[in-house]
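A.B. asks: Just a sequence and a predicted model for now, questions to come.
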Amino acid sequence: MIIQLDVSLDQERETGIFSALNGMEIPFYPVQTQVGHYLVCTPKADFDIRKVGHLPGIRDVHRVSGPHKMVSHKWKVDRTAIHFEDGTTISAQDFTVMAGPCSVESEEQVAATLDQLVANNIRFMRGGVYKPRTSPYSFRGLGLEGLKMFHELCREKGVKIVTEVMEAGQIDAMAPYVDVFQVGARNSQNFNLLEALGKVDKPVLLKRGISGSIDELLYSAEYIFKNGNERLMLCERGIRTFEKAYRNTLDLNAVPILKEKSHLPVIVDPSHGIGLRKHVAQMALASVAAGADGLLVEIHETPEKAATDGQQTLDFDEFASLMRQVKRLKEVMN
Ligand code: PEP
Ligand code: MN
């Protein structure tokens, strides 16, 4: 059960509501976000919501069964739209492409990518400066200095930055240069990081864990929401299965299921999802057909020379062609 409180709730009314719930032995967890004030209640048995609905200070009471509460579709009729200060929106109505290299490598690389994004009317550039690498001897990213350079070039073109944060201690230093914090698959259940991102006033793109279930992804999203951040999106990026013919198994079933279970936008990353450059575009289109609200795609001027993930990275022509196809497919679907 979710109790939505009045925005202007005063101390006296809050105390009244808390003692009424305590009197009925209903466990509850206050959730204060950038936009709302809620109480997530987890009663052992079903009970009559009219018993609390009349209390002064309560705006609405929503019956939400199931383990995930704040991210559940059951209480929020409208799907979440993520708004940015300049009017850009990520939502079911505003299909969003985020494209760029796996790793930020140099000024030249960022500038060349930005030209492509602008030419294709893309408003978000992805690029890692802190890279989670399986081998500690691989390229780990340019770090904060790289992020500052990335930010400066993106600002000049009016393009927003999506980049991965690997630990809570990095958030404050990164925040002035980041528009969307990405949580990578390896950190999908790093609960300390998720809690810390709940306290940040920046949108979060949360990736599904490498072996993460849908349920676990939603619980992880719940951590961020519960700690105060409603500007959240989910990302399907492929899971590890017994299949070895491709890097990961892109689970497109997750798209309609996540959209059914949650009000959050669902983004698909076909690059990590299949891990094979020549098939990325097809899987991107399949993601659109499955109902994704956006795509996260790796692109590079010369994928063969990319510092990381070149094997799954589209070149600029392949990307431009994909964007034309996405546009046509969206038209057909509409
Ligand atoms: C990435 O986006 O480059 C990345 C490392 O993704 P994931 O966490 O899905 O592996
Ligand atoms: Mn990558």
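C.D. replies: Received the coordinates, thanks. Ligands and ions are numbered 1, 2, ... in the order given.

A.B. asks: Residue 284 touches residue 268, doesn't it?
C.D. replies: Yes. Here residue 284 reaches residue 268: they are 7.4 Å apart, a contact under CB atoms under 8 Å. All C-beta atoms are positioned from the backbone trio N, CA, C, and that covers glycine.

A.B. asks: any residues in contact with both of these two?
C.D. replies: Here residue 284 and residue 268 share the contacting residues residue 295, scored by CB atoms under 8 Å, 6 or more residues apart in numbering.

A.B. asks: Need the pLDDT of residue 49.
C.D. replies: Looking at residue 49, its pLDDT is 81.

A.B. asks: ok, now which ones touch it?
C.D. replies: Counting by CB under 8 Å, 6+ apart, residue 49 has contacts 1, 61, 63.

A.B. asks: the domain parsing of the chain - what is it?
C.D. replies: Domain segmentation of the chain under automatic domain parsing yields 2-62, 82-333.

A.B. asks: for the ones you listed, which one ends up most surrounded?
C.D. replies: domain 82-333 (a mean of 19; mean count of other CB atoms under 10 Å).

A.B. asks: Check the separation of the first and last residues in that domain.
C.D. replies: This stretch, domain 82-333, spans 23 Å end to end (CA to CA, to the nearest Å).

A.B. asks: Tell me the gap between that domain and the middle of its chain.
C.D. replies: 8 Å (CA atoms, centre = their mean, to the nearest Å).

A.B. asks: Please state the backbone phi and psi of the residue of the stretch 201-334 of the chain found nearest ligand 2?
C.D. replies: Relative to ligand 2, the nearest point of the stretch 201-334 of the chain is residue 309 (3.7 Å; CB to the ion). Dihedral angles of residue 309 (phi, psi; degrees, to the nearest 10) stand at phi 60, psi 30.

A.B. asks: And the residue of this structure closest to ligand 1?
C.D. replies: residue 184 (2.9 Å; CB to the nearest ligand atom).

A.B. asks: picking that back up, now the residue of the stretch 201-334 of the chain closest to ligand 2: how far from residue 41?
C.D. replies: 44 Å (CB to CB, to the nearest Å).

A.B. asks: rewinding a little: got a list of what the spatially closest residue to the residue of the stretch 201-334 of the chain closest to ligand 2 that is not a sequence neighbour touches?
C.D. replies: In space, and not counting its chain neighbours, residue 309 is closest to residue 102: 3.7 Å by CB to CB, 6 or more residues apart in numbering. The contact partners of residue 102, by CB under 8 Å, 6+ apart, come to 127-128, 131, 271, 298, 300, 306-310, 313.

A.B. asks: In this structure, which helix is the longest?
C.D. replies: helix 316-333 (DSSP state H).

A.B. asks: Which single residue of the stretch 1-150 of the chain approaches ligand 2 most closely?
C.D. replies: Counting by CB to the ion, the stretch 1-150 of the chain gets nearest ligand 2 through residue 102, at 3.3 Å.

A.B. asks: so how far is residue 111 from that residue?
C.D. replies: For residue 102, the distance to residue 111 (CB to CB) stands at 17 Å.

A.B. asks: got it, and residue 314?
C.D. replies: Residue 314 is 18 Å from residue 111, where distance means CB to CB.

A.B. asks: and what of residue 238?
C.D. replies: Residue 238 is 30 Å from residue 111, by CB to CB.

A.B. asks: Can you name the helix or strand that the nearest residue to residue 56 once chain neighbours are set aside falls in?
C.D. replies: Closest residue in space to residue 56, ignoring its immediate chain neighbours: residue 13 at 5.3 Å, by CB to CB, 6+ apart. Taking DSSP states H and E as the definition, one finds residue 13 inside helix 11-23.

A.B. asks: What average pLDDT does the helix or strand following that helix get?
C.D. replies: Following helix 11-23 in sequence order, the next helix or strand is strand 28-32 (DSSP H and E). On average, the pLDDT along strand 28-32 is 96.

A.B. asks: Name the strands paired with strand 28-32 and say parallel or antiparallel.
C.D. replies: Sheet pairing of strand 28-32 (DSSP bridges) gives strand 37-41 (antiparallel).

A.B. asks: any idea of the mean pLDDT for the longest helix of the chain?
C.D. replies: 98.

A.B. asks: Now the residue nearest the centre of the chain, what are its backbone angles?
C.D. replies: The chain has residue 205 as the residue nearest its centroid, 2.1 Å off, counting by CA atoms, centre = their mean. The phi/psi pair for residue 205 (degrees, to the nearest 10) reads phi -110, psi 110.
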